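A.B. asks: here is my input, please return the structure:
(one chain, ligands or ions: 2)
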Amino acid sequence: MLWKAQDVLGGLTHKKLPIIFVITPTYARFVQKAELTRIANTFRQVPAIHWIVVEDSINKTKLVSNFLKTCGMEYTHLCVKTSAEVTMSKGALQRNLGLSWLRNKFLPGEAPSAVVYFADDDNTYSLELFEEMRYTKKVSVWPVAFVGGQLYESVKVNAEGKFDGWDVKYAVERPFAIDMAGFAINLNLILENSKAIFHIDAESGFLEASLLIDLVSLKDLEPKADNCTKILVWHTKTTIQKIYSKLDELHLEV
Ligand code: UDP
Ligand code: MN
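C.D. replies: Ligands and ions are numbered 1, 2, ... in the order given. As a prediction, this is how the structure comes out:
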């Protein structure tokens with residue numbers, strides 16, 4: 001079913017706010033429910049947000065289905081299994097399915113004013129981040145902490161507040177030297193460029209660029225977070241203690 005602008009979010013709430021479509025790939029492991037709980041606790045506090053959760057699985061799992069039913073957010077639940085040949089680019093097929101869902105839902109020109117953000121399930125997101133990205137015209141960018149072997153990767157911004165190069169150490173030749181968590185895209189740009197997707201064969205570190213190169217030129221990037229001087233998102237990784245219990249002894253869903 002195709003959605004018109006007024007159908008989104010029941011057509012009732014947040015009429016004036018651009019919607020934020022957050023696409024999250026996720027896969028089954030011990031910390032999955034903890035990660036989803038943690039990020040939902042953030043996302044739930046953001047107005048006019050629609051969460052597209054894409055499981056890396058053949059079928060939707062009970063755990064994620066039940067979690068989403070009670071998460072208190074407007075969401076769409078999808079799944080696609082990453083085939084065994086895809087060793088890098090984890091999450092790429094899932095993000096592409098999120099993009100197809102949006103392209104099937106909305107016609108260019110008839111979509112609500114909205115922005116698309118790719119939020120991995122293990123990162124840490126501040127609430128300010130979402131208000132920074134909400135009014136993205138094409139593609140907005142900001143620093144990301146704990147990535148590329150640095151405390152943060154950022155964007156150089158000139159006196160006019162425009163993009164002036166990448167402040168990175170890892171793979172400096174990347175045309176878009178930015179982590180998945182460091183940019184958001186206007187929905188219309190995604191709808192108008194219907195072929196732009198993440199390339200699952202992209203080299204390590206080049207996945208983001210494989211999409212962005214077909215959407216925007218560097219001069220049009222919109223630096224946010226006070227001209228990229230503030231960290232509003234952290235590329236965290238969750239580790240847990242070593243588990244000694246035998247799995248078949250467990251009775252609780254973790
Ligand atoms: N992911 C996935 N399938 C996998 C591995 C990862 O769907 O086999 C998801 C994961 O849940 C996360 C995103 O893809 O939302 C990026 O994965 P990860 O955080 O492990 O990547 P990294 O932070 O190391 O780049
Ligand atoms: Mn991660």
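A.B. asks: and stretch 201-210, end to end?
C.D. replies: For stretch 201-210, the first-to-last residue distance is 9 Å (C-alpha to C-alpha, to the nearest Å).
A.B. asks: and that stretch, what's buried?
C.D. replies: Neighbour counts using 16 or more other C-beta atoms under 10 Å place 202, 205-210 of stretch 201-210 among the buried residues. Just so you know, the C-beta spots here come from the backbone N, C-alpha and C atoms, and that holds for glycine as well.
A.B. asks: what about that stretch, average pLDDT?
C.D. replies: Mean pLDDT, stretch 201-210: 96.
A.B. asks: check stretch 178-191 too.
C.D. replies: On average, stretch 178-191 scores 98.
A.B. asks: for stretch 160-171, same thing?
C.D. replies: The average pLDDT within stretch 160-171 is 98.
A.B. asks: got the residues of the stretch 51-200 of the chain near ligand 2?
C.D. replies: 120, 122 (C-beta under 5 Å from the ion).
A.B. asks: quick check: the residue of the stretch 51-200 of the chain nearest ligand 1.
C.D. replies: The minimum distance from the stretch 51-200 of the chain to ligand 1, using C-beta to the nearest ligand atom, falls at residue 91 (2.7 Å).
A.B. asks: could you look up the SS state of the residue lying closest to that residue once chain neighbours are set aside?
C.D. replies: Nearest residue to residue 91, sequence neighbours excluded (C-beta to C-beta, 6 or more residues apart in numbering): residue 25, at 3.6 Å. Using DSSP: H, G, I helix; E, B strand; the rest coil, the three-state assignment for residue 25 comes out as strand.
A.B. asks: from residue 155, how far off is residue 25?
C.D. replies: Going from residue 25 to residue 155 by C-beta to C-beta, to the nearest Å gives 24 Å.
A.B. asks: and residue 78, how close does it get to residue 152?
C.D. replies: Residue 78 is 31 Å from residue 152, by C-beta to C-beta.
A.B. asks: likewise for residue 85?
C.D. replies: Distance from residue 85 to residue 152, counting by C-beta to C-beta: 33 Å.
A.B. asks: show me which of these two is the more surrounded one.
C.D. replies: For residue 85 versus residue 152, neighbours defined as other C-beta atoms under 10 Å are more numerous around residue 152 (19 against 7).
A.B. asks: where along the chain do the strands fall?
C.D. replies: Applying DSSP state E to the chain gives strands spanning 19-26, 49-55, 75-79, 114-118, 124-125, 139-141, 144-147, 150-157, 163-167, 183-186, 222-223, 233-234.
A.B. asks: between those strands, which one is closest to residue 131.
C.D. replies: Comparing the strands of the chain by their distance to residue 131 (C-beta to C-beta), the top pick is strand 19-26, with 9.4 Å.
A.B. asks: give me the helices and strands touching the closest one, please.
C.D. replies: When contacts are defined as 3 or more C-beta pairs under 8 Å, 6 or more residues apart in numbering; DSSP states H and E, strand 19-26 sits against helix 32-43, strand 49-55, helix 92-105, strand 114-118.
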